[in-house]
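S.K.: everything below, folded, please.
(chains A and B)
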Amino acid sequence: MPRYFFHVCDGAQDIDDQGHELPDDDAARHEAVRYGGGLIHDDPSLLLKDQELRINVTNNDGQLRFAVVMISVDADWRPAGTARHQKPASGV
Amino acid sequence: MLVRWMGDDPSMTKEDRLGIFIRKLLSHSPLSADDQQAIRDLPFSIRRLEANEHILREGEKATVCPVLLQGYAYRQKTSADGGRQIVALKIPGDALDFQSLYVETADHSLQALTPVELAVFSIKDFEKLVAPRPNLARAVLVDILIEASIGREWLLNIGRRNALARLAHLLCEIFYRVQQIAQEDVSGFELPLTQEQLADLLGLTPVHINRTIKLLEDAGAVRRISRRLTIGDLGILRQMADFSDLYLHRNTVSAV
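M.R.: Residues are numbered from 1 along each chain as shown, chains lettered A, B, ... in the order given. Reported below is the predicted structural model:
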């Protein structure tokens, strides 16, 4: 089985030098999302200060296969067709 | 490697090997010399299993009452999608299935974590032993109650503690339990669980377990020898876990 390395970047870089054997990219992606979820569950403040949490997943050659990025953003958004201070219509 | 407290002592007779089981019962319940001798007089066989072998499967009806003399075992349940949860960890001296004295069908699977040596009693013999002996019956009950107490602590651990405190808490518990039954300094003892097994016990991903071990290592709380963990500094671990051993109910009764 290929080995994948899960590096956590949340301002600092936490380099995974051990890695984990997983069947394929899909399984590694699944693991990375669950891992990120676990980290945020432990410490929600990771996303509360305009920060992002990024998990870079590399393979045995050190090649980046994909990244999972979790981020919270300030935004001015409301459901379409509603005015300020207006609740969305029920049943929508 | 010889581990004398687990019975790796060539001068021990087969009956001597039951000493660790009696010591375990005495750690929470007073038993008269007569009760202790009655356990020693019960017929039993020694059975050796390799790591991962089943001792009892979910849905089976037990006919034997196994006691762990050497090695480690665990209880596990699995979900429909194949997710596995380790729901109890048993250490040398522990009876593995007192439950089957009272309820018929196993509701979980029981497996060897490491190579194990079991003392296997017939469940009928054990029932006959306990029936006329109220102090022995009480010891069996207290044993079951303490396992339930540990289960409640695990529920809190998995449900509400963060990964660092969660792992630290489990390590403290295993250390205290092993130290108590070994009755000697076990500070160098190696944790019998792999990272994958820790993940299935603590409800974390293996990747998260690896990172958490690194954090514990950086703090000096644990040491890694090849791929096995040992305790580095129990004081730091206790602090990280906010550990109290109240739920283990150790030494809470006086001997008869």
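
S.K.: is the helix or strand of chain A with the lowest mean pLDDT in proximity to chain B?
M.R.: When each helix and strand of chain A is scored by mean pLDDT, DSSP states H and E, strand A:12-14 comes last, with a mean of 87. Yes: interface with chain B: strand A:12-14 contributes A:Asp14 (C-beta under 8 Å from any C-beta of the partner chain). C-beta: built from backbone N, CA, C; applies to glycine.

S.K.: stretch A:23-34 too?
M.R.: Yes: in terms of C-beta under 8 Å from any C-beta, part of stretch A:23-34 sits within range of chain B, namely A:31-32, A:34.

S.K.: contacts for that stretch, please.
M.R.: Residues outside stretch A:23-34 that contact it (C-beta atoms under 8 Å, 6 or more residues apart in numbering or on different chains): A:1-2, A:4, A:6, A:20, A:22, A:55, A:57, A:65-66, A:68, B:205-207.

S.K.: let's see that with 7 Å instead.
M.R.: A:1, A:4, A:6, A:22, A:55, A:57, A:65-66, A:68, B:205, B:207 (C-beta atoms under 7 Å, 6 or more residues apart in numbering or on different chains).

S.K.: next step: those restricted to helices.
M.R.: Secondary structure of those is defined by DSSP state H; positions in helices are B:Val207.

S.K.: near chain B, which residues of chain A are found?
M.R.: Proximity of chain A to chain B (C-beta under 7 Å from any C-beta of the partner chain) is limited to residues A:6, A:14, A:18, A:20, A:31, A:34-35, A:38, A:42.

S.K.: which of the residues of stretch A:23-34 next to chain B are buried?
M.R.: In the residues of stretch A:23-34 next to chain B, burial by neighbour count holds for A:31-32, counting by 16 or more other C-beta atoms under 10 Å in any protein chain shown.

S.K.: backbone dihedrals for A:Leu53, both of them.
M.R.: Reported as degrees, to the nearest 10, the phi and psi values for A:Leu53 are phi -110, psi 130.

S.K.: so which bits of the stretch 151-256 of chain B are right by chain A?
M.R.: Counting by C-beta under 7 Å from any C-beta, the residues of the stretch 151-256 of chain B lying close to chain A are B:162-163, B:204-208, B:210-211.

S.K.: kindly recompute the last result at 6 Å.
M.R.: Residues of the stretch 151-256 of chain B lying near chain A by C-beta under 6 Å from any C-beta of the partner chain: B:162-163, B:204-208, B:210.

S.K.: CSV for the residues you listed, including pLDDT and neighbour count?
M.R.: Written out in CSV, the entries for those read as follows (pLDDT from 0 to 100; neighbours: other C-beta atoms under 10 Å in any protein chain shown):
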residue, pLDDT, neighbour count
B:Asn162, 95, 15
B:Ala163, 97, 22
B:Leu204, 96, 24
B:Thr205, 95, 24
B:Pro206, 94, 21
B:Val207, 95, 29
B:His208, 96, 27
B:Asn210, 94, 20
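
S.K.: identify the farthest-apart pair in these.
M.R.: Of all pairs drawn from those, the greatest distance, 17.2 Å, lies between B:Asn162 and B:Pro206 (C-beta to C-beta).
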